[in-house]
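Visitor: Fold the stuff below for me.
(2 chains)
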Amino acid sequence: MNLSTFTTKKALLGGIFVVAAGLMLAGCPSQQAMIGSGDAAQKTYVAPGDYDEFYSFMSGGYSGQVSVFGLPSGRLFKVIPVFSQDPESGYGYYEESKELLNTTYGFQPWDDSHHPHFSQTDGVADGRWLFINANNTPRIARIDLTTFETKEIIEIPNTGGNHGSSFVTENTEYVVGATRFSIPHEPDKDVPIDSYKENFDGALTFLKVDQETGRMNIDFQMVVPPYNYDLARAGKGKSADWYFFTTYNTEQAHTLLEINASRNDKDFVAAVNWKKAAEYVREGRATKMSTEYYHNTYDPATSMVVSTKKDEVLVLRPEDAPGVMYFMPTPKSPHGVDVDPTGEYLAAGGKLATVIPVHSFSKMLEAIENEDYEDEINGIPVLRYESTIAGEVENPGLGPLHTEYDGKGFAYTSVYISSEIVKWSLETFEVVDRIDAYYSIGHLMIPGGDTKNPYGKYMVGLNKTAKDRYLPVGPKQNHPAQLYDISGDKMQLLLDFPTIGEPHYAQGISAEKLRPNIKQIFELEENKHPHATKSVNDARVVREGNVVRVYMGMIRSNFRPDNIEGVRLGDTVYFHITNLEQEWDVVHGFAIKGGQMGEVLLAPGQTKTLKWEPTRTGIYPFYCTAFCSALHQEMQGYVRVSARDSDVPITYRTGNI
Amino acid sequence: MKISNRILFALAALMLIPLYFMPFWTISMKAPQFPEGIGMYIYINDVQGHARHNISSINILNHYIGMKEIDVEAIPEIRIMPWIFAFMIASGIIGAFTGYRWILTSWLVLFILLSIAGIIDYYLWGYEYGHNLNPDAPIKVPGMSYQPPLIGTKQLLNIKASSWPYWGSLFIALSMVTAGLALYRDYFTGADKNGTESAISTKTEEVSA
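Guide: Predicted coordinates for the structure are as follows:
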């Protein structure tokens, strides 16, 4: 059967299906939005061996990771371990990676990853790095987009729940952290919770990014009123010097926030001129505050992670920084604050609002110019709502959250409570189209839809519940994503696919922008790991007191060495394992019976270390866990562990029976 | 020998210089696990992978059937060939300068003989790699040998191996044809049928006369 007859048949069947569905579900609004299944199938069909048009990086939410999907096919390519241990790859189990998860609270095996954000140049994703925040133990990670590996994790001090993060500025000058929970800023401070108003503070954190290496450094923090800081976005073009943050809980409640933080009619969008703030910091207007946080960086040459504890942070207070920070009143606990491609409009989604308020950047500047203030809080002027608002989008459904743009004059806002996406015009501020989401949509993502130059072709809805969308898999279903075609006047649902963890937010980028830069191997020649085994002849076992170091090489289809004797109870054994292959995707793994440190996978040319403390004497089989070759099943070995007082010397070999 | 034919002959010798910079032969292999292909280029002074690390990848594949490692250091021809070519280039230019037809004729004959020897040598290497297999090899297929084709394409287990001349060989052929053309013009269209017509020899005659 050739392709054309196949698609015709499918289209025909699809047509019949739609008619049938229409009969069964008469009155259901979704049915009007569904296009013929055949048509949708054609639009999402990526033939075997062909490539998708876009990469999409979705946060894993409570999985702590990042997943990589292809669009429009919705195929999962990879899960990149970031903030959580990953037994599959050994991330967070092998020694080098454990350091990445080091915090002032010790090793953190898990976190909650929310907002991935590409590095940008001139306001457009440039494919160098992907930043993502950890919500629970506040951190930001950087993923290298040539290897799809986490290369850096930095802890954010004075912060509880780093939710309004990791959004970058137009040229990746900064990534940002924003505290969801206000907390006392002195580490280990023990105070009554109901002393919230005296002892708790908010913090916004500005991390400078090194343009060569991508390394982040906390440049300064702003100490702000003890609200909940929810989401952030940097401006674009004319507003590029500004960051915008939403706040809720301006009521300063510390219990039953559901009720107590929903009392005020309006909370704020905070506008911060980061450029001016940075200038003030350079001028010495910031003060040093002692604190503690870890900065963990991966050295690409040695594959080692350097984990450094830092003990102070520069703090800038709004009262010492006139002209830096302003509050714009915004209805009902706003969630997202999303800047349109021109940098003029800021759509704020109020979780409980019945309109979408759209602030105007130029009106904001004008109001500042005219000192059109209604109040001042801790030195932060509060602008009048009427003087910054450009329009209110009426009838957007209930609970508008996040907005992305298509670059053609339209905005798309996800609406949680009424579970839909509304499309509205940036000219008239009127809703022009709406489509159902299945179900309870959170963020939505248009590739490039948060940048100066949206692709404007597809949109992905990232939903919180699946219910009946697929074959059921028990009381807990995976979160679904939905792909829409937004190239025409009407949004069209194309595809429904399950995701990893909670796809909280996502980024999309043209495949052609990333694909040419992606590495196939790690060059063995460039491997400067202090314990690398760079050829089969270097393989050896060395005793240093109670430490036994196994310098092990792996190459199809054997371990060097594969017979090891002379390990004694009480020894700490380090397996320093190097994959000697230099062929794309020839991966080896290592696991040993009873080892409590899990398994490790190694890409070609990589060196990683597993620490093993055997607790029983005997013979321990180990083997390659990755199906590497025809003789994979032969790729195995033994370690002999003798009694504490044994005098078995260290010996090792491969071959020569 | 006419000056134009001598220049043509010198050009023929110079045409061998690119051989130092480009491969003259290529062996490529296709297998299900290598959709992008894998292979090696043979230079007069080196063997290189089609892509970086291809040689080590080929060696890893070959070790399953017990084939000897391709180790450039261990191939004496790779050390000798640059000198042979240097000799051919130098002697060709000197020969053209002297203009003695017998030198140039011998040069071309030697060149042709060397080329034939080269092809035979290449065949013998292929035979050696394909037949002299480690008896402890994990994969042993009774009656199977793995000699790559001298020229053309052959299926060896899961691998389709091809062996073809590469750009360098074109220069060898061009050099040969050009040298042949220079001699042909000299033998059949030159002014002096005795083959002694050349500036130097004429002068020598004049002097001796």
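
Visitor: surely residue A:133 meets residue A:114?
Guide: Yes - counting by CB atoms under 8 Å, residue A:114 is a contact partner of residue A:133 at 5.5 Å. Where C-beta positions appear, they are placed from N, C-alpha and C, glycine not excepted.

Visitor: what's the burial count for residue A:649?
Guide: By the criterion of other CB atoms under 10 Å in any protein chain shown, residue A:649 has 8 neighbours.

Visitor: How about residue B:130?
Guide: 17.

Visitor: How about residue A:276?
Guide: Residue A:276 has 16 neighbouring residues, counting by other CB under 10 Å.

Visitor: and it, what is it in contact with?
Guide: A:241, A:321, A:323, A:324 (CB atoms under 8 Å, 6 or more residues apart in numbering or on different chains).

Visitor: Got phi/psi on residue B:36?
Guide: Backbone geometry at residue B:36, expressed as degrees, to the nearest 10, gives phi -80, psi 0.

Visitor: Report the secondary structure state of the closest residue to it other than its chain neighbours.
Guide: Nearest residue to residue B:36 in three dimensions, chain neighbours excluded: residue B:51, at 7.7 Å (CB to CB, 6 or more residues apart in numbering or on different chains). At residue B:51, secondary structure determined by DSSP: H, G, I helix; E, B strand; the rest coil is coil.

Visitor: mean confidence for stretch A:570-586?
Guide: Averaged over stretch A:570-586, pLDDT sits at 97.

Visitor: How about it, which residues are buried there?
Guide: If you call a residue buried by 16 or more other CB atoms under 10 Å in any protein chain shown, then stretch A:570-586 has these buried ones: A:571, A:573-584, A:586.

Visitor: Ends of stretch A:461-468, what's the gap?
Guide: One end of stretch A:461-468 to the other measures 17 Å (CA to CA, to the nearest Å).

Visitor: Please work out which residues outside it touch it.
Guide: Residues outside stretch A:461-468 that contact it (CB under 8 Å, 6+ apart): A:58, A:414, A:416, A:421, A:437-445, A:477-482, A:484, A:498-499, A:502-506.

Visitor: returning to that earlier point: ok, the residue nearest to residue B:36 - how many residues close by?
Guide: Using other CB under 10 Å, residue B:51 is surrounded by 14 other residues.

Visitor: Do you know the pLDDT at it?
Guide: Per-residue pLDDT puts residue B:51 at 94.

Visitor: Spatially nearest residue to the residue of chain B found nearest chain A, not counting backbone neighbours?
Guide: Nearest residue of chain B to chain A (CB to the nearest CB) works out as residue B:53 at 3.8 Å. Nearest non-adjacent residue to residue B:53, counting by CB to CB, 6+ apart: residue A:582, 3.8 Å away.

Visitor: What's the mean pLDDT across stretch B:60-77?
Guide: Throughout stretch B:60-77, pLDDT has a mean value of 92.

Visitor: Can that stretch be said to contact chain A?
Guide: Yes - for stretch B:60-77 and chain A, the contact criterion (CB under 8 Å from any CB of the partner chain) is met by B:60, B:64.

Visitor: residues in contact with that stretch?
Guide: Stretch B:60-77 has contacts (CB under 8 Å, 6+ apart) with A:555-556, A:581, A:583, A:630-631, B:31, B:40, B:46-47, B:55, B:58-59, B:78, B:121, B:125, B:128-130, B:132-140, B:146, B:157, B:159.

Visitor: Buried by neighbour count: which residues of it qualify?
Guide: Quick answer for stretch B:60-77 (16+ other CB under 10 Å): B:60, B:61, B:62, B:63, B:64, B:65, B:66, B:67, B:70.

Visitor: can you list those in JSON lines and add secondary structure?
Guide: Formatted as JSON lines, the buried residues of stretch B:60-77 follow (three-state DSSP):
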{"residue": "B:60", "secondary structure": "helix"}
{"residue": "B:61", "secondary structure": "helix"}
{"residue": "B:62", "secondary structure": "helix"}
{"residue": "B:63", "secondary structure": "helix"}
{"residue": "B:64", "secondary structure": "coil"}
{"residue": "B:65", "secondary structure": "coil"}
{"residue": "B:66", "secondary structure": "coil"}
{"residue": "B:67", "secondary structure": "coil"}
{"residue": "B:70", "secondary structure": "coil"}
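
Visitor: what's the burial count for residue B:119?
Guide: Neighbour tally, residue B:119, other CB under 10 Å: 12.

Visitor: scratch that, residue A:168 is what I was asking about
Guide: Counted with other CB under 10 Å, the neighbours of residue A:168 add up to 21.

Visitor: Now for it: which residues touch it?
Guide: A:117, A:118, A:119, A:120, A:131, A:174, A:175, A:176, A:209, A:234.

Visitor: switch the cut-off to 7 Å
Guide: Applying CB atoms under 7 Å, 6 or more residues apart in numbering or on different chains to residue A:168 gives the contacts A:117, A:119, A:120, A:131, A:174, A:175, A:234.

Visitor: Pick out whichever of the residues you listed sits closest to chain B.
Guide: residue A:119 (27.9 Å).

Visitor: my guess is that closest one contacts residue A:132, does it?
Guide: No - applying CB atoms under 7 Å, one finds residue A:119 not in contact with residue A:132, separated by 11.9 Å.

Visitor: Show me which of these two is the more surrounded one.
Guide: Higher neighbour count among residue A:119 and residue A:132: residue A:132, with 32 against 20, using other CB under 10 Å.

Visitor: element containing the more buried one, please.
Guide: Here residue A:132 sits within strand A:124-134, counting by DSSP states H and E.

Visitor: Alright, that wraps it up for me.
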